[in-house]
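*Asks:* only geometry, no sequence info:
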C-alpha cells in the first residue's frame, strides 16, 4: 500500500501598494519573563499599530517587530525605559519593498522575452498557475494537476501529483514507487492574491540543512522553536490522524525578516531539500 503525502508551500509576496516610508523593524531581546510580558502588552496596544514578525517567546530569544514611523519614538522610549535591548534590523521597510518590486518587474520582462519561469523571483497567483499548466504539458508522464476544491473566494485549489517513473535518483525513485506525493503550491490563493493587489503589508534533518549554506536551523515542537499557536495546519493534520506533520520556518537569516529577497529563494530551497529527503526516507521506513 502506498503512503499518501501532501506537501504545502506557503508563498509570501513581498511588495505592497501602501507606503511604509520610514517604518522600521526592530529586533528586541527580552532578558526575563517580565520583559516578555511587557513586549506582548506593547503589541496589544492598537494605537501603536505594531505587528510582530517574530513573536516574543522566551528570554534571550530575539523578537522582531515592525513599527510605523510615527510611533518609532514612543516605542523606542518604552523599550529603553524598561531596559529591553534592541537594534534596528530594517532601517526603512519601504526601501526594501520598492527594491523587491523593481526586481519582480525586471524578472517579468526577462521571462516574457525568454519564455521561461524564473524560480529566483516572486510571482503572482496567475503566473504560478500558468507555470503549473506548462509543467504538466511539458512532462505529462511525470506530473499531473488535480483540483481539490475551491477557496472561500472561489479560486481553484490545485495539487501536483508526481508520477512513479522518475527514474534518475534511486532514493527518489524508491520513494515514488512506495508513496503518492502531492504538492500544494499555494494553500491560500485568496490571501496570496490579496498580497499582490492590496495595501496591506505581507507578513505572511537540521545538519543537512546547515551543510549546504551554513544556515542554522533548530528542530523541535513549534511551540518551543517558533512560537505557541493554536489552530495551525499541523494541529489540523494531527486531529485528522496524520502521523507526520511538520513545518519548516525558512530563512531569513536575521537581516530581512519576512521581506526575504528573491535572490534567497533558490538557496533556501536548495538547503531545505536534503532535510526534506531525510524525512521522506524516514516516513518510508516507518509508515505506521
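*Replies:* Perfect, I can see it now. Predicted, not measured: the structure shown is a model, and the values here were computed from it.
*Asks:* Would you map the helices across the stretch 151-288 of the chain?
*Replies:* With helices called from DSSP state H, counting those that start in this stretch, the stretch 151-288 of the chain shows them at 170-178, 189-195, 206-213, 222-225, 233-239, 265-285.
*Asks:* now do the stretch 1-150 of the chain
*Replies:* 33-43, 72-81, 93-114, 125-138.
*Asks:* Now the weakest link among these, please, by mean pLDDT.
*Replies:* Confidence, taken as mean pLDDT, is least for helix 93-114 of the helices of the stretch 1-150 of the chain (a mean of 72).
*Asks:* What about the residue lying closest to residue 146 once chain neighbours are set aside, how many residues nearby?
*Replies:* Leaving aside its sequence neighbours, residue 146 sits nearest to residue 159 (CB to CB, 6 or more residues apart in numbering; 5.3 Å). Backbone N, C-alpha and C define where each C-beta goes, glycine included. The local packing of residue 159 (other CB atoms under 10 Å) involves 20 other residues.
*Asks:* pLDDT score assigned to residue 159?
*Replies:* Residue 159 is given a pLDDT of 94.
*Asks:* Surely it touches residue 148?
*Replies:* Yes. Using CB atoms under 8 Å, residue 159 is in contact with residue 148, at 5.6 Å.
*Asks:* anything in contact with each of the two?
*Replies:* Counting by CB atoms under 8 Å, 6 or more residues apart in numbering, the shared contacts of residue 159 and residue 148 are residue 184.
*Asks:* returning to that earlier point: can you tell me which of the helices of the stretch 151-288 of the chain the model trusts least?
*Replies:* Mean pLDDT per stretch puts helix 206-213 lowest among the helices of the stretch 151-288 of the chain, at a mean of 45.
*Asks:* before we move on, the earlier item: quickly compare the helices of the stretch 151-288 of the chain and say which is most buried.
*Replies:* Of the helices of the stretch 151-288 of the chain, the one with the most neighbours on average (mean count of other CB atoms under 10 Å) is helix 189-195, at a mean of 20.
*Asks:* So which bits of stretch 57-76 are buried?
*Replies:* Neighbour-count burial for stretch 57-76, counted by 16 or more other CB atoms under 10 Å, picks out 57, 62, 63, 64, 65, 66, 67, 68, 71, 75.
*Asks:* and which of these is nearest residue 101?
*Replies:* Within the buried residues of stretch 57-76, proximity to residue 101 (CB to CB) peaks at residue 66, which comes in at 17.6 Å.
*Asks:* how far away is the residue of the chain positioned farthest from its centre from residue 38?
*Replies:* Computed with CA atoms, centre = their mean, the residue of the chain farthest from its C-alpha average is residue 81, at 34.1 Å. Remark: distance between residue 81 and residue 38 (CB to CB, to the nearest Å) = 10 Å.
*Asks:* what's the overlap in contacts for the two?
*Replies:* Taking CB under 8 Å, 6+ apart as the contact rule, residue 81 and residue 38 touch no residue in common.
*Asks:* coming back round to it: of the helices of the stretch 151-288 of the chain, which is nearest residue 106?
*Replies:* Proximity to residue 106 (CB to CB) singles out helix 265-285 among the helices of the stretch 151-288 of the chain, at 14.9 Å.
*Asks:* now that closest one and helix 170-178, what's the angle there?
*Replies:* Calculated by axes from the mean of the first three to the mean of the last three CA atoms, to 10 degrees, helix 265-285 forms an angle of 60 degrees with helix 170-178.
*Asks:* rewinding a little: now the buried residues of stretch 57-76 in a markdown table, please, with extra columns for distance to residue 132.
*Replies:* Converted to a markdown table, the buried residues of stretch 57-76 look like this (distance: CB to CB, whole Å):
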| residue | distance to residue 132 |
| --- | --- |
| 57 | 36 |
| 62 | 37 |
| 63 | 37 |
| 64 | 33 |
| 65 | 36 |
| 66 | 32 |
| 67 | 38 |
| 68 | 38 |
| 71 | 42 |
| 75 | 43 |
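*Asks:* Residue 283: which of these is nearest?
*Replies:* Checking those against residue 283 with CB to CB, the nearest one is residue 57 at 28.6 Å.
*Asks:* Read off the pLDDT value for that closest one.
*Replies:* 87.
*Asks:* what about it, distance to residue 179?
*Replies:* Noted for residue 57: a distance of 34 Å to residue 179, by CB to CB.
*Asks:* again with residue 246
*Replies:* Noted for residue 246: a distance of 16 Å to residue 179, by CB to CB.
*Asks:* Which one's more surrounded, the two?
*Replies:* Applying other CB under 10 Å to residue 246 and residue 179 shows that residue 179 carries more neighbours, namely 18 against 13.
*Asks:* Noted, bye for now.
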